[in-house]
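# Kindly return the folded structure for what I paste below:
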Amino acid sequence: MNKRPVVVWSLLAACLGLFMALPAKAASLQLVTNNWGRTGVPSYINMYIYVPASVVTNPPILVACHYCSGNASDMFSLTSTGGIVAACNQYGFIMIFPQTSQNCWDVGSSKSLSRYAGGDTQAIVNMVDYTVNTYQANSNRVYVTGTSSGAMMTEALLALYPDVFKAGAEFSGVPAGCWAVDYVSSDEWSSPCAEGQVIYTPQAWAAIVRGMYQGYLGSRPRIQLWHGTADTIINYENQNEAIKEWTDVLGLSTNATLTTNLTYSSHQWTRQLWQDSCSNTLIDAWSEQNGPHMTDADLNAQYVIPFLGLNEAGSNDPAVPCVPPSPTLQVVGGNQVVLTWNWGTLLETTNLPGPWTLISAPPCYTNIGTAPQQFFRVLNP
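Residues are numbered from 1 along each chain as shown. Reported below is the predicted structural model:
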């Protein structure tokens with residue numbers, strides 16, 4: 001009478017043992033069929049997501065934007081080859097893979113280059129919001145990367161939504177706003193920009209970016225720029241113009257803090273770093289000598305993941321907030337003063353506590369006072 005229960009228990013234990021011995025189901029790229037924020041944005045855009053088997057609590061988010069004629073699956077393959085998906089599995093962050101069926105991303109229309117105006121850019125931000133709410137992801141640690149058209153989207157998102165994205169890494173892209181020049185919506189193309197013919201001053205580029213979010217005085221995202229000098233599709237001149245744009249936006253000198261020549265991925269590169277006074281790298285620019293479109297280091301995790309800080313734990317972006325030094329003031333004569341400072345953007349007001357107006361990037365600003373009183377401060381980028 002006592003043997004039967006023993007046999008049943010033994011069989012049950014054996015079955016449980018077999019069940020427990022099965023490997024955990026591997027994570028995979030998944031189409032999001034729920035409403036991730038489709039209302040009011042282009043219907044040709046879909047959301048794919050990759051959630052690793054071991055996701056950390058309050059995980060960071062990395063958005064990966066594909067190139068023209070590519071799709072989410074292609075981008076997943078590229079980021080797998082480059083080691084980014086492996087880093088995702090190791091560090092437990094979540095990846096979003098937006099997909100457009102319109103060949104290229106729209107980074108040239110007024111709808112897409114305006115905040116929450118129903119364009120491609122808003123669709124991606126809606127995906128971020130969905131991920132934050134659905135997976136309790138960390139809204140303070142959202143990053144973006146992309147190649148070619150996806151690189152253009154990366155720069156556009158950083159410019160439009162500095163309150164959403166902390167940093168980005170782009171490969172063979174263009175400055176934010178450049179693609180709007182002679183943009184042909186039917187082809188999703190801007191010939192002047194692609195050919196490197198759109199040349200502006202740093203101040204003019206920065207004005208385009210600041211105009212995308214007027215009145216914004218918060219911190220600006222860090223950016224990593226990769227481009228081949230022999231790119232025949234997106235002219236290398238766009239790398240120089242992007243550097244001009246982001247140095248001014250971030251309140252940095254046009255001269256790099258450090259320039260080195262090195263061999264990486266069996267190719268020759270020039271690397272330029274722009275750092276703030278706390279040694280945070282705000283711009284990390286890589287130029288591959290005689291490199292093609294889609295560089296020979298595209299989406300390689302070795303430098304991308306540390307720059308974005310995705311290899312570090314914590315609830316906040318690992319870049320240490322840096323308080324810029326106060327500007328020095330020299331009275332030239334009468335009511336004319338000259339202010340000098342090393343980094344950060346100068347703001348001015350005639351009344352405290354404000355409002356403050358952005359007026360200049362470093363290193364020097366000459367003011368001829370016209371108001372009874374004027375106040376100046378340097379903004380942390």
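
# Show residues contacting the helix or strand in which R271 is found.
Assigned by DSSP states H and E, R271 belongs to strand 267-275. With contacts defined as CB atoms under 8 Å, 6 or more residues apart in numbering, strand 267-275 is touched by 243, 247, 250, 252-253, 256-263, 281-291, 296-297. Backbone N, C-alpha and C define where each C-beta goes, glycine included.

# and the spatially closest residue to I45 that is not a sequence neighbour, what helix or strand is that in?
Nearest residue to I45, sequence neighbours excluded (CB to CB, 6 or more residues apart in numbering): A123, at 4.5 Å. Secondary-structure assignment from DSSP H and E places A123 in helix 120-135.

# just to revisit the earlier point, tell me the buried residues within the contacts of strand 267-275.
The neighbour-count criterion (16 or more other CB atoms under 10 Å) marks 243, 247, 250, 252, 256-257, 281-288, 291, 297 among these as buried.

# which one among those residues gets closest to Y216?
L250 (13.5 Å; CB to CB).

# With N58 as the reference, measure out to that closest one.
Shown here: L250 relative to N58, a distance of 27 Å by CB to CB, to the nearest Å.

# which residue sits closest to Q272, ignoring its sequence neighbours?
A256 (4.0 Å).

# Please apply the same query to R115.
R115 sits nearest to L160 (CB to CB, 6+ apart), 5.6 Å away.

# number of nearby residues for V337?
17 (other CB atoms under 10 Å).

# distance of it from A297?
Distance from V337 to A297, by CB to CB: 47 Å.

# Quote the end-to-end distance of stretch 47-56.
Using CA to CA, to the nearest Å, the end-to-end distance of stretch 47-56 comes to 21 Å.

# buried sites along it?
Here stretch 47-56 shows 47-52, 55 as buried, counting by 16+ other CB under 10 Å.

# Looking at those, which is nearest G118?
Once CB to CB is applied, the member of those that ends up nearest G118 is M47, at 16.0 Å.

# How about the secondary structure of the closest one?
Look at M47: counting by DSSP: H, G, I helix; E, B strand; the rest coil, its state is strand.

# That one: what's it in contact with?
So M47 contacts 31-32, 36, 96-99, 127, 130 (CB under 8 Å, 6+ apart).

# Could I get the pLDDT score of it?
pLDDT, M47: 98.

# I'd like the distance from it to Y213, if you could.
If you go by CB to CB, the gap between M47 and Y213 works out to 24 Å.

# do W269 as well
Taking CB to CB, one finds W269 at 33 Å from Y213.

# The two - which one has more neighbours?
Neighbours were counted for W269 and for Y213 using other CB under 10 Å; W269 has more, 21 against 17.

# element containing V304, please.
Going by DSSP H and E, V304 is in helix 301-308.

# Quick one: list the elements packing against that helix.
Counting contacts by 3 or more CB pairs under 8 Å, 6 or more residues apart in numbering; DSSP states H and E, helix 301-308 packs against helix 84-91, strand 142-147, strand 167-171, strand 222-228, strand 281-288.

# Out of the ones you listed, which is the most enclosed?
strand 142-147 (a mean of 30; mean count of other CB atoms under 10 Å).

# what about that one, average pLDDT?
The average pLDDT for strand 142-147 rounds to 98.

# quick revisit: burial measure for the residue nearest to I45, as a count.
A123: 25 neighbours (other CB under 10 Å).

# okay, and for the stretch 201-350 of the chain, where does confidence drop off?
323-327, 329-336, 341-343 (pLDDT under 70).

# mind running it again at 90?
Counting by pLDDT under 90, the stretch 201-350 of the chain has low-confidence residues at 217, 251, 265, 276-279, 319-350.

# And the helices in it?
Counting by DSSP state H, counting those that start in this stretch, the segments of the stretch 201-350 of the chain that form helices are 202-212, 237-249, 301-308.

# what's the closest of the buried ones among the contacts of strand 267-275 to D231?
Nearest to D231 among these, with distances taken as CB to CB, is G291, at 7.1 Å.
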